[in-house]
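Student: Next comes the sequence, and after it the predicted model I'd like to discuss.
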Amino acid sequence: MKFSTTFLVLATIAATQARIYIRANSQTFTGALGGVAATPVDDSGDAKKPFSVKGDTFVNLSAALQRSCDQQFNACANLANGGDQTISVADCTAQKGELKLIVNI
Ligand SMILES: *[C@@H]1O[C@H](CO)[C@@H](O)[C@H](O)[C@H]1NC(C)=O
């Protein structure tokens with residue numbers, strides 16, 4: 001009985017300490033039109049919302065990657081609309097499509 005109680009306590013501690021460790025930058029897409037890379041997706045340190053994109057936290061990788069992708073697209077489109085002659089919004093849209101294929105979102 002004493003053994004099982006001790007075991008239960010230890011197992012409970014182990015379970016509450018367990019958390020997912022996310023490798024540094026889970027965003028693997030490397031395209032960077034206009035010099036703008038997709039925002040890194042990092043470990044937030046919060047077990048409930050373990051993925052972080054520029055300070056915003058997410059419950060799953062897919063949602064975090066979506067945000068990273070949207071931020072890259074918006075920055076790219078701003079450059080295109082702001083007079084960068086080397087890229088167009090259509091280029092940014094194409095890049096967003098490539099990213100989605102590569103990271104599978
Ligand atoms: C990921 O999280 C988003 C919102 O936080 C949710 O809408 C979506 O269903 C989740 N996807 C998976 C695969 O759990």
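Tutor: Received it, and whenever you're ready, just let me know what you need.
Student: which residue is nearest the centroid of the chain?
Tutor: Closest to where the C-alpha atoms of the chain average out (Cα atoms, centre = their mean) is residue 41, at 3.1 Å.
Student: Enumerate the beta-bridge partners assigned to the nearest residue to residue 23 once chain neighbours are set aside.
Tutor: Leaving out its chain neighbours, the residue that sits closest to residue 23 by Cβ to Cβ, 6 or more residues apart in numbering is residue 43, at 7.8 Å. Placement of C-beta: from N, CA and C, glycine included. When assigned by DSSP bridges, residue 43 has beta-bridge partners residue 51.
Student: what sits against residue 43?
Tutor: For residue 43, the contact set (Cβ atoms under 8 Å, 6 or more residues apart in numbering) comprises 21, 22, 23, 24, 50, 51, 52.
Student: show me where the protein has helices.
Tutor: Residue ranges of the helices in the chain, as given by DSSP state H, are 2-17, 61-81, 89-103.
Student: so what secondary structure elements neighbour the last one?
Tutor: Okay, so that is helix 89-103. helix 61-81 (3 or more Cβ pairs under 8 Å, 6 or more residues apart in numbering; DSSP states H and E).
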